[in-house]
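Novice: What would the 3D arrangement of this be:
(2 chains)
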Amino acid sequence: MKEKTIYEHLREKGLSRRDFMKLCGTIAGMMGLELAPPVKALGKLAHPTPAEVVAQALTTKPKLPIIWLEFQDCAGCSEAISRSSSPLLSKLVLNDIAIEYHETLMAAAGFQAEKAKEECMKKYWGKYVLVVEGSPTLADDGIYCVVAGKSNLDLLKEAAAGAAAIIATGNCASFGGIPAAHPNPTRAVGVADLIKDKPVVNIPGCPAIPEVTTGTILHFLVMGELPKTDELKRPLPFYGNTVHDHCLRRPFYEAGKFAESFDDEGARKGYCLYKLGCKGPTTYNACAGLKWERGLSYPVQSGHPCLGCSQPHFWDGGGFYEGQSAPTIIPDKGSTATLVGAGVAVGAALAGVNAIKKNRAKKALTKNAGPEAKAEPEPKKEA
Amino acid sequence: MNWTEILTFSRGPLLHVALMIFIVGMSYRLVRVLLLGWERDRVPNKGSKIWGVILNYLKGLVVLPFIPWVRRTFRNNALTFIAGGLFHLSLFVVLAFGTAHILVWKSLCGISWKSLPTPVVAFFSATGIISLIVLLINRLTHPVLKILTKLPVWINWVMVFLPMVTGFIMARHLWFRYEVIFSLHLISVSLLLIWIPLGRISHFLFYFFSKTIHGAQAGKRAIVP
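Specialist: Predicted coordinates for the structure are as follows:
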């Protein structure tokens, strides 16, 4: 029997055609589609509008099965999705697209849940999208994160083998995140460090912005491929600009007006938070554009400097409240004194050797000159 | 290796090693110069050593760049004097009052102060860069300077120019991605820190010693330094 399309599913649930078109427009906007590129998923389609591209995909494609695995994480990214400010999108992804396996959200538990996953993988082998939240761990064959008696490494390799694409959501799955912070006892790494034979996209953030995760999933659904990425495998529609680029405090940065502390006059006036440790200039994320809570606000707007949570190893990149220009390794008083001492010691030693050489040379000169040299001062006296 | 990793490396280990070499190198150079020894100054004290030192600093650091007729240098070699003066002044303003640099001093010394408005710092930064280019052209075209200039001088110029120009591009957000130009700035600064003890840019420290000693000698003889 032919599988039902997403549109048919939605119609069955009572979605009107008008609402469907609204949804398509929202999805197109969320995906950052301005002018649709040639659409692989739809065959030859000459310059359709972005909403039409989405509509075409939803009316012709069946549900996109998603398997969502969690490794070393806090479930914050799942939490963010489930409380997403755009209920339409998260509902679409959670209920209609649809997530077949998610340890935190699914009703099933234990053997029942594992069985559901195995059946899903078998049924949709080569077609499902694997979303990974949390970092895989390499130390001691991955025994520090075990689910249903299997190490996270085995679970990841097993699920990745049948995946059409892999989405690593959150900084942990993307780059190792907080579990990979120094000294990284479990040898946590990003998913892309382990899986090389499948397309992987990173959605870093702590947590990842839910609209970015859903937007990327929808991009795969609509276009049939993952979005274009930067050198860190982050989708360019969402990570093409820095937080600083779109910051609403940017004019104050340009004018050189900075908050010196969290409660000074500058902070109250909304001045730039660069001096309070903002990492916005080097952080690529869509915070300043999409924001949180239905576009209500984001950290910098609320008065807190950007932590750089979508960048690799942000946890070890200097103090959160240290200026970004400050060196990350600062010589302490003891080591500075040792270095000065070393320089002084070598300098003094060489100066000593030099002095000895000079004296010897002087003596040798006096010796060679003989009595004439000694007699030299006498004419001076006469003068 | 991507630019984010290069930035992490240049902000961390590279800058750290460069700072260590700088501290050891400058301590070494200072001791070597101080231990060269000097002759005892047997001239009887006719004036005030301290006044001589103060006067010397006033003329050299404070008054000199702003009152051009104080010294004959201005009459003899105006271009070197103006460009050189502006370069040193600009460098000082940018290093001492640029916001990003204040954060560096804060992390190293624990103290910070108010920064100048960004456009003012940008103006001085551009002035410094233009001055340096003018000095280079002067050196390339001046018949005597051309003969006197050897390889270390060219290296000095490049070592100072690179941090200044990368810093300006970074602060103005021009052309490059921020982490790329930030990394290049830090790499060039690290190279400069390593180079300073080896070359004549170390005069930034020796200057104060020579200025003090010459001022004291002049003051002792009751003459204007």
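Novice: residues touching the residue lying closest to A:Ile67 once chain neighbours are set aside, list them.
Specialist: Distance criterion C-beta to C-beta, 6 or more residues apart in numbering or on different chains; nearest residue to A:Ile67, sequence neighbours excluded, is A:Tyr101 at 4.7 Å. To be clear about C-beta, it is placed using only N, CA and C from the backbone, and glycine gets the same treatment. A:Tyr101 makes contacts with A:66-69, A:113, A:116-117, A:120, as judged by C-beta atoms under 8 Å, 6 or more residues apart in numbering or on different chains.
Novice: just to confirm, which helix or strand has A:Tyr101 in it?
Specialist: strand A:99-102 (DSSP states H and E).
Novice: okay, that strand in CSV with CA atoms only?
Specialist: Only the C-alpha atoms of strand A:99-102 are listed here, as CSV (Å, rounded to 0.1, in the frame of the first residue of the first chain):
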residue,chain,number,x,y,z
ILE,A,99,10.1,11.0,15.7
GLU,A,100,9.9,7.2,15.9
TYR,A,101,12.3,6.8,18.8
HIS,A,102,13.3,9.3,21.5
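Novice: What about residue 160, how many residues nearby?
Specialist: Answering for chain A, as no chain was given. Look at A:Ala160: counted by other C-beta atoms under 10 Å in any protein chain shown, it has 20 neighbours.
Novice: Can you look at chain B instead?
Specialist: 19.
Novice: how about it, what does it touch?
Specialist: With the criterion set at C-beta under 8 Å, 6+ apart, B:Val160 makes contact with B:132, B:192, B:201.
Novice: which helix in chain A runs the most residues?
Specialist: In chain A, taking DSSP state H as the definition, the longest helix is helix A:333-369.
Novice: pLDDT averaged over that helix, what's the number?
Specialist: Throughout helix A:333-369, pLDDT has a mean value of 85.
Novice: same deal with stretch A:308-324?
Specialist: 86.
Novice: helix, strand or coil for residue 114?
Specialist: Picking chain A for this. Each residue gets one of three states, and A:Glu114 gets helix by DSSP: H, G, I helix; E, B strand; the rest coil.
Novice: Nearest spatial neighbour of it, chain-adjacent residues omitted?
Specialist: A:Glu114 sits nearest to A:Ala148 (C-beta to C-beta, 6+ apart), 4.9 Å away.
Novice: A:Glu12 too?
Specialist: Here the residue nearest A:Glu12, using C-beta to C-beta, 6+ apart, is A:Lys4, at 7.9 Å.
Novice: tell me the phi and psi of that neighbour?
Specialist: Note on A:Lys4: its backbone torsions stand at phi -70, psi 150 [degrees, to the nearest 10].
Novice: What is the neighbour count of A:Ser82?
Specialist: A:Ser82 - counted by other C-beta under 10 Å - has 14 other residues nearby.
Novice: pretty sure it is touching A:Ile99, no?
Specialist: No: in this structure A:Ser82 lies outside contact range of A:Ile99 using C-beta atoms under 8 Å: 10.7 Å.
Novice: so what sits against both of those two?
Specialist: A:Leu105.
Novice: near chain B, which residues of the stretch 251-383 of chain A?
Specialist: The stretch 251-383 of chain A comes close to chain B at residues A:253-258, A:274-275, A:281-282, A:311-313, A:317-318, A:322-331, A:335-336, A:339-344, A:346-348, A:350-351, A:355, as judged by C-beta under 8 Å from any C-beta of the partner chain.
Novice: Buried ones only from these, please, as a ChimeraX command.
Specialist: Command for ChimeraX that selects the buried part of those, burial taken from 16 or more other C-beta atoms under 10 Å in any protein chain shown:
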select /A:253,256,257,258,274,275,281,282,311,312,313,317,318,322,323,324,325,326,327,328,330,331,339,340,343,344,346,347,351
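Novice: quick one: pLDDT of A:Leu15?
Specialist: 77.
Novice: okay but it is in contact with A:Leu23, surely?
Specialist: Yes: A:Leu15 lies in contact with A:Leu23 (C-beta under 8 Å); the separation is 7.4 Å.
Novice: Look at those two and report which has more neighbours.
Specialist: Remark: of A:Leu15 and A:Leu23, A:Leu23 carries more neighbours, 21 against 15, as counted by other C-beta under 10 Å.
Novice: Now name the helix or strand holding the more buried one.
Specialist: Going by DSSP H and E, A:Leu23 is in helix A:17-30.
Novice: residue ranges with poor pLDDT in the chain?
Specialist: If you meant another chain, say so; for now it's chain A. Low-confidence segments of chain A (pLDDT under 70): A:1-2, A:34-48, A:84-97, A:369-383.
Novice: wrong one, I was asking about chain B
Specialist: B:62-75, B:225.
Novice: for chain B, what spans make up the helices?
Specialist: B:3-9, B:15-34, B:49-57, B:73-76, B:78-97, B:99-109, B:118-141, B:143-148, B:151-171, B:178-195, B:203-220.
Novice: Most tightly packed of these?
Specialist: helix B:178-195 (a mean of 22; mean count of other C-beta atoms under 10 Å in any protein chain shown).
Novice: any idea of the angle it forms with helix B:15-34?
Specialist: Angle between the axes of helix B:178-195 and helix B:15-34 is 20 degrees (criterion: axes from the mean of the first three to the mean of the last three C-alpha atoms, to 10 degrees).
Novice: Kindly export whichever helix or strand A:Glu8 is part of (C-alpha atoms) in PDB.
Specialist: Under the criterion DSSP H and E, the helix or strand holding A:Glu8 is helix A:6-12. The C-alpha coordinates for helix A:6-12 follow below in PDB (Å, rounded to 0.1, in the frame of the first residue of the first chain):
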ATOM      1  CA  ILE A   6       2.500  14.400   5.100                       C
ATOM      2  CA  TYR A   7      -0.300  16.500   3.700                       C
ATOM      3  CA  GLU A   8      -2.700  13.600   3.900                       C
ATOM      4  CA  HIS A   9      -1.700  13.100   7.500                       C
ATOM      5  CA  LEU A  10      -2.300  16.700   8.300                       C
ATOM      6  CA  ARG A  11      -5.600  16.800   6.500                       C
ATOM      7  CA  GLU A  12      -6.700  13.700   8.500                       C
END
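Novice: Show me what that helix packs onto, helices and strands only.
Specialist: If you count contacts as 3 or more C-beta pairs under 8 Å, 6 or more residues apart in numbering or on different chains; DSSP states H and E, helix A:6-12 packs onto helix A:17-30, helix A:50-60.
Novice: so how far is that helix off the chain centroid?
Specialist: 35 Å (C-alpha atoms, centre = their mean, to the nearest Å).
Novice: got the buried residues for it?
Specialist: Neighbour count says helix A:6-12 has A:6-7, A:9-10 buried, by 16+ other C-beta under 10 Å.
Novice: Identify the residues contacting it?
Specialist: A:4, A:20, A:23, A:58-59, A:61-63, A:96-97, A:221.
Novice: farthest pair in the buried residues of helix A:6-12?
Specialist: Largest separation among the buried residues of helix A:6-12 by C-beta to C-beta: A:Tyr7 and A:His9, giving 7.2 Å.
Novice: Show me the domain layout of chain A.
Specialist: Here the domain parsing of chain A from automatic domain parsing is A:63-239, A:242-348.
Novice: so which of the ones you listed gets nearest B:Ser188?
Specialist: Across these, closest to B:Ser188 is domain A:242-348 (C-beta to C-beta), at 14.2 Å.
Novice: Span of the closest one from start to end?
Specialist: Domain A:242-348 has an end-to-end distance of 51 Å (C-alpha to C-alpha, to the nearest Å).
Novice: Surely A:Ala255 touches B:Pro117?
Specialist: Yes: contact between A:Ala255 and B:Pro117 holds when scored by C-beta under 8 Å: they sit 6.4 Å apart.
Novice: Parallel or antiparallel, which strands does the strand holding A:Tyr101 pair with?
Specialist: strand A:66-70 (parallel) (DSSP bridges).
Novice: Show the contacting residues for A:Lys257.
Specialist: Contacts of A:Lys257 (C-beta under 8 Å, 6+ apart): A:266, A:269, A:271-272, B:117.
Novice: Thank you, goodbye.
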